[in-house]
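In: I need the structure of the sequence given here:
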Amino acid sequence: MTITTRALIDAGEVVPMLIGGEWVNSFSSVLREVTNPATDRVIASIAYGNSSEATAAADSAKAAFLNWSNSSTRYRADILFRAYELIMERASDIGGLLALETGKLLQEAIGETRFSAEYFRWFAEEIRRPQGEVFASEDRSRRQLSISRPIGVAATLTPWNFPISIQARKVAPALAAGCTVVARPSEKAPLAVAELFRALIDAGIPDGVVNLIYGPASAQSNALIDHDAVEVISFTGSTPVGSALMRQASNRIVRCALELGGDAPFIIFSDADIDKAIEGLAIAKFRNNGQSCIAANRVFVASSRMDEVCERLGSLTEAMVVGDPLGGTKVDLGPLIDQSRVRDVEAIVRDALDSGAHFLGGAPEIPDGPNYTRPGFIVNASHDSALAKEEVFGPVSGVFSFDDEDEVIARANDTTMGLAGYAYTSDQGRIWRLSERLEVGILGINHPLPSVVYSPMGGVKRSGLGREGAHEGLHEFLETKYVSIGVDGL
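Out: Residues are numbered from 1 along each chain as shown. Predicted coordinates:
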């Protein structure tokens, strides 16, 4: 019988790490508490390691690499597909853990779990398609081709906001490619990720192929980057941390795949369907309580529709129900992950309000508790304010008017970031112009949920390097080898 993380929590036991096929506590017996942000109550303790656990996990992944990388694609695909089935079967339980540890709405958490499973299904199918190319030779005495080989051990370093889906979209292609994995999720939300790895073990993955560690981000990341077997670092998080990882990775020329910060514009043109635009904005802004790197960060509204949109946005947020997603009452928005996130969001809000800006509409009722903050849209903020220039990473956006297409494209692009963007318009010519001119890696036009497993997700400028998902996501974990063969008798 499988012992789940839920069962460990209910029994008051420690959620362990996975190293070399064994579920183990930290070598130093250090524990770390995990809290429910809706209540600030402790819900679990995890084994909390350090650099020694990271090194041990990388050693295990190195030892398992030869057999796994030389296994057939059919063998790897079958294990990944079984993992998909198990995650789908357990989606409600895993989603419940995810909602408990992150404060996100239960249906969102279950949806994220199912979305995570789809990555294993997609890459189980993708790895069985042809990898490589035979070239049309110009020399009759030679034949040339390319083949793909797994790069080595992959370290997957992920944040707390979408903990299970971000790990899945790294781990699934790495395993499909033939890499072995050491995963280090955020200690703020480790429980659902533990269940993801439990599904892989139950699906029959060999010992050491996947490893899961918890511990200080800097110490464990440093140990992994410096380990001689780790050949790729796949990281999702802030731009400053990504930049630091790149600098360290350059010492050994370790490949970096990075999804970093965002500053997504959301543009509502005068010809937009306003009902759909408001509905889309609510999803793009408030999904995961606003804590998403592709969340709508700056809202640009055509001047002719500004009054109408502002009135609608004020009514929308005034009517929102904020509270504990697992408290028994239907809510529209839950808590932020912790008090430090609340402080950062409220500092940006204070800066805007002090400059003469104001919230649209009245404030919804906010529960008592340190991790809740007022959601909403702020108008009349200065273009030099933090609200206009920085990623909020919370349930607040600035609203700004614009007069023409060229102006709003220039303002949307006036950022060092370029992860995602959104636009609502009925003009087909404009759709193509926006597709070509907006400096983002992900663009949702008349749709607020662009993420799918079969599309390449990633940013431009300081929002990252590489792509996740789709065929491109597999290439982050493969090396291309060119082969030239001399042929006699032709």
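
In: when you work out contacts or count neighbours from here on, use the C-alpha atoms and nothing else.
Out: Fine.

In: what are the structural domain limits within the chain?
Out: As given by automatic domain parsing, the domain ranges for the chain are 5-260+464-482, 264-452.

In: out of those, nearest to Asp488?
Out: If you check each of the domains of the chain against Asp488 by CA to CA, domain 5-260+464-482 wins as the nearest, at 6.4 Å.

In: ok, back up a step: reformat the domains of the chain as JSON lines; add mean pLDDT, mean neighbour count and distance to Asp488.
Out: Converted to JSON lines, these look like this (pLDDT from 0 to 100; neighbours: other CA atoms under 10 Å; distance: least, CA to CA, whole Å):
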{"stretch": "domain 5-260+464-482", "mean pLDDT": "96", "mean neighbour count": "21", "distance to Asp488": "6"}
{"stretch": "domain 264-452", "mean pLDDT": "97", "mean neighbour count": "20", "distance to Asp488": "48"}
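
In: okay, now stretch 461-476: how far is its last residue from its first?
Out: One end of stretch 461-476 to the other measures 18 Å (CA to CA, to the nearest Å).

In: so what's Leu336 up against?
Out: The neighbourhood of Leu336, defined by CA atoms under 8 Å, 6 or more residues apart in numbering, consists of Pro37, Thr102, Gly103, Asn289, Gln291, Val342, Asn371, Tyr372, Thr373, Gly394.

In: please redo it, this time with the cut-off set to 6 Å
Out: Listed by CA atoms under 6 Å, 6 or more residues apart in numbering, the contact set of Leu336 reads Asn371.

In: next SSE downstream of whichever helix or strand Trp432 is part of?
Out: For Trp432, the host element (DSSP states H and E) is helix 428-437. Proceeding N to C from helix 428-437, the next assigned helix or strand is strand 442-445, under DSSP H and E.

In: adjacent strands (with direction) for that next one?
Out: strand 420-424 (parallel) (DSSP bridges).

In: reformat the domains of the chain as TSV; add distance to Gly458.
Out: Below are the domains of the chain laid out as TSV (distance: least, CA to CA, whole Å):
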stretch	distance to Gly458
domain 5-260+464-482	5
domain 264-452	5
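
In: if we can go back for a sec, alpha carbons of the helix holding Trp432, as CSV, please.
Out: Only the C-alpha atoms of helix 428-437 are listed here, as CSV (Å, rounded to 0.1, in the frame of the first residue of the first chain):
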residue,chain,number,x,y,z
GLN,A,428,-7.6,40.9,-37.3
GLY,A,429,-4.9,43.1,-38.7
ARG,A,430,-4.1,44.4,-35.2
ILE,A,431,-3.9,40.8,-33.9
TRP,A,432,-1.0,40.1,-36.3
ARG,A,433,0.7,43.4,-35.6
LEU,A,434,0.5,42.7,-31.9
SER,A,435,1.8,39.2,-32.4
GLU,A,436,4.9,40.6,-34.2
ARG,A,437,5.5,43.8,-32.2
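
In: need the residues that contact that helix.
Out: Against helix 428-437 from outside (CA under 6 Å, 6+ apart): no residues.

In: can you give me the strands for the stretch 301-450 of the chain?
Out: Using DSSP state E, counting those that start in this stretch, the strands found in the stretch 301-450 of the chain span residues 358-359, 376-379, 396-402, 420-424, 442-445.

In: pipe those into JSON lines and attach distance to Arg312 per row.
Out: Putting these into JSON lines (distance: least, CA to CA, whole Å) gives the following:
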{"stretch": "strand 358-359", "distance to Arg312": "13"}
{"stretch": "strand 376-379", "distance to Arg312": "11"}
{"stretch": "strand 396-402", "distance to Arg312": "12"}
{"stretch": "strand 420-424", "distance to Arg312": "16"}
{"stretch": "strand 442-445", "distance to Arg312": "20"}
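
In: which strand or helix spans the most centrally placed residue in the chain?
Out: Nearest residue to the geometric centre of the chain (CA atoms, centre = their mean): Ile166, 4.0 Å. According to DSSP H and E, Ile166 maps onto helix 163-177.

In: what lies in contact with that helix?
Out: Under CA under 6 Å, 6+ apart, the answer for helix 163-177 is Ser116, Tyr119, Phe120, Phe123, Ile127, Pro150, Val193, Leu474, Phe477.

In: 7 Å instead?
Out: 76-77, 112-113, 115-116, 119-120, 123-124, 127, 150, 154, 156, 158, 181, 185, 189, 192-193, 234, 468-469, 473-474, 477-478 (CA atoms under 7 Å, 6 or more residues apart in numbering).

In: and the angle for the very next helix or strand once past that helix with helix 163-177?
Out: Remark: after helix 163-177, the chain's next helix or strand is strand 180-184, criterion DSSP H and E. Computed by axes from the mean of the first three to the mean of the last three CA atoms, to 10 degrees, the angle separating strand 180-184 from helix 163-177 equals 170 degrees.

In: contact partners of strand 180-184?
Out: 57-58, 61, 65, 152-158, 171, 209-214.

In: the residues you listed in strands, which ones?
Out: Mapping the contacts of strand 180-184 onto strands (DSSP state E) picks out Val153, Ala154, Ala155, Thr156, Leu157, Val210, Asn211, Leu212.

In: and the gap between the last one and Ser186?
Out: Think Leu212. Distance from Leu212 to Ser186, counting by CA to CA: 11 Å.

In: cool, the fourth one as well?
Out: With distances defined as CA to CA, the gap from Thr156 to Ser186 amounts to 11 Å.

In: just list the residues touching Asp271, thanks.
Out: Per CA under 7 Å, 6+ apart, neighbours of Asp271: Thr425, Ser426.

In: am I right that it is in a strand?
Out: No: per DSSP: H, G, I helix; E, B strand; the rest coil, Asp271 lies outside any strand segment and is coil.

In: give me the contact list for stretch 240-259.
Out: For stretch 240-259, contacts defined as CA under 7 Å, 6+ apart pick out 225, 231-237, 260, 458-459, 463-466, 476.

In: relative to Leu200, which of those is nearest.
Out: Ser234 (19.1 Å).

In: how about that closest one, phi and psi?
Out: The phi/psi pair for Ser234 (degrees, to the nearest 10) reads phi -110, psi 110.

In: same check, this time on Leu478
Out: Here Leu478 shows phi and psi, under degrees, to the nearest 10, equal to phi -120, psi 150.

In: surely it meets Gly152?
Out: No: applying CA atoms under 7 Å, one finds Leu478 not in contact with Gly152, separated by 8.5 Å.

In: tell me where the stretch 301-450 of the chain has helices.
Out: With DSSP state H, counting those that start in this stretch as the criterion, the stretch 301-450 of the chain has helices at 306-318, 339-354, 386-389, 405-412, 428-437.
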